[in-house]
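Asks: only geometry, no sequence info:
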């Protein structure tokens, strides 16, 4: 798991290929403590080939934590196979998805300006 900070935005890039029931608890335990000092987070999913319902649930739990602080979650670099799942369950209607990390950072920065 790689953690980065750009303009007070936590950027997380998982170094696993699946987020599923077999590893979702470890995935969440690594990310949640890192989230404590941030209102906004980007999940860079470039390495993820598969997500099951428990993985989707982890994204929603991250979103809820950030929204409680008036922040947001943006996903980026989502592979086509994962994006198809998001479309089937309509996750893109709940969580913002951007093509690139730069687009995700810009989106969050615009939201910050708009909400000030």
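Replies: Received the coordinates, thanks. Source: prediction; values computed, not measured.

Asks: contacting residues around stretch 95-106?
Replies: 6-7, 9, 11, 42, 44, 59-60, 63, 72-78, 83, 86, 107 (CB atoms under 8 Å, 6 or more residues apart in numbering). Yep, even glycine has a C-beta here, placed from its N, CA and C like the rest.

Asks: In strands, which of the residues you listed fall?
Replies: In this view, these that belong to strands under DSSP state E are 6, 9, 11, 42, 44, 72, 73, 74, 75, 76.

Asks: Let's see the pLDDT reported for the fifth one.
Replies: Spelled out, it's residue 44. The per-residue pLDDT reported for residue 44 equals 97.

Asks: Now do the closest residue to it other than its chain neighbours against residue 93, distance only.
Replies: Closest residue to residue 44 apart from its sequence neighbours, by CB to CB, 6 or more residues apart in numbering: residue 13 at 4.2 Å. From residue 13 across to residue 93, the span is 24 Å (CB to CB, to the nearest Å).

Asks: out of those two, which sits in the more crowded spot?
Replies: Remark: of residue 13 and residue 93, residue 13 carries more neighbours, 18 against 9, as counted by other CB atoms under 10 Å.

Asks: My understanding was that that one contacts residue 41; is that so?
Replies: No. The criterion here is CB atoms under 8 Å, and residue 13 misses it with residue 41 at 11.5 Å.

Asks: Now do the helices in the protein.
Replies: 24-35, 53-67, 80-89, 101-114 (DSSP state H).

Asks: will you turn those into TSV that also has mean neighbour count?
Replies: Shown next, in TSV, are the helices of the chain (neighbours: other CB atoms under 10 Å):
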stretch	mean neighbour count
helix 24-35	15
helix 53-67	17
helix 80-89	13
helix 101-114	16
